[in-house]
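Engineer: give the three-dimensional model of this entry:
(2 chains)
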Amino acid sequence: EAGVAQSPRYKIIEKRQSVAFWCNPISGHATLYWYQQILGQGPKLLIQFQNNGVVDDSQLPKDRFSAERLKGVDSTLKIQPAKLEDSAVYLCASSRGNNEQFFGPGTRLTVL
Amino acid sequence: QKEVEQNSGPLSVPEGAIASLNCTYSDRVSQSFFWYRQYSGKSPELIMSIYSNGDKEDGRFTAQLNKASQYVSLLIRDSQPSDSATYLCAVNREGANSKLTFGKGITLSVRP
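Structural biologist: I've put the predicted structure just below:
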């Protein structure tokens, strides 16, 4: 069974630029999550999708972050405009229900 | 009080010893508990899940849960240098507001 796929693996941008990340979950997993992990901290949930509907986006900075999962499979997370404090690893995870989550390799974002 | 708290560490043990990693959580209605292992520069990998009070063993790993004390732990027997990583405790509250909350993680170093 293929794992969660993410791209790109690394991205370097300047502040105020925009960036987008892509995620393909494990086949059959209805629930998809985007996390932000800052160095030295645990992952923080940004948004959770159940199929193509948003379940929880309470910690998503909606003035600059957006996410979509139009067909209930792939998802994209966008930041526009980026700030220095957005430098982090962005992790995508998926699960069948609300329990065991499996993570992709992540995208390491550096904002200069 | 933080929702999920782990001793900051780092924890250093000699090869062959038992490593004991502890985690406390504040939400009494939490139902699912997970331990993730994260190697430096990699994404979190699920190694144990536990849902009911008591012990759960998987190879050299044992998870222990005490809901009355709001405490979950991970024991690693016969520690190996390859176990050196950051271990993340995660707690899930079931239901409509289910969300996986992570601790900051504790870094384990196993000395050869």
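Engineer: which residue packs closest to the most centrally placed residue in chain A, ignoring adjacent ones?
Structural biologist: Most central residue of chain A, judged by C-alpha distance to the mean C-alpha position with CA atoms, centre = their mean, is residue A:34 at 3.2 Å. Taking CB to CB, 6 or more residues apart in numbering or on different chains, and ignoring the residues beside it in sequence, residue A:34 has residue A:46 as its nearest neighbour in space, at 4.5 Å. Just so you know, the C-beta spots here come from the backbone N, C-alpha and C atoms, and that holds for glycine as well.
Engineer: the residue nearest to the centre of chain A reaches residue A:91, doesn't it?
Structural biologist: Yes - with contacts defined as CB atoms under 8 Å, residue A:34 counts as touching residue A:91 at a distance of 7.3 Å.
Engineer: what about the strands in chain B?
Structural biologist: Applying DSSP state E to chain B gives strands spanning B:4-6, B:11-14, B:19-25, B:30-38, B:45-50, B:54-58, B:61-66, B:71-76, B:85-93, B:100-102, B:106-111.
Engineer: for the second one, packing partners?
Structural biologist: Counting by 3 or more CB pairs under 8 Å, 6 or more residues apart in numbering or on different chains; DSSP states H and E, the packing neighbours recorded for strand B:11-14 are strand B:19-25, strand B:106-111.
Engineer: just send these back as CSV, with distance to chain A, mean neighbour count and mean pLDDT too.
Structural biologist: As requested, the helices and strands packed on strand B:11-14 are exported to CSV (distance: least, CB to the nearest CB, whole Å; neighbours: other CB atoms under 10 Å in any protein chain shown; pLDDT from 0 to 100):
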stretch, distance to chain A, mean neighbour count, mean pLDDT
strand B:19-25, 11, 20, 96
strand B:106-111, 10, 18, 96
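Engineer: which one of the ones you listed lies closest to residue A:7?
Structural biologist: The stretch from the helices and strands packed on strand B:11-14 with the least distance to residue A:7 (CB to CB) is strand B:106-111; that distance is 28.4 Å.
Engineer: ok, and what's touching that closest one?
Structural biologist: B:6-15, B:17, B:19, B:21, B:76, B:79-87 (CB atoms under 8 Å, 6 or more residues apart in numbering or on different chains).
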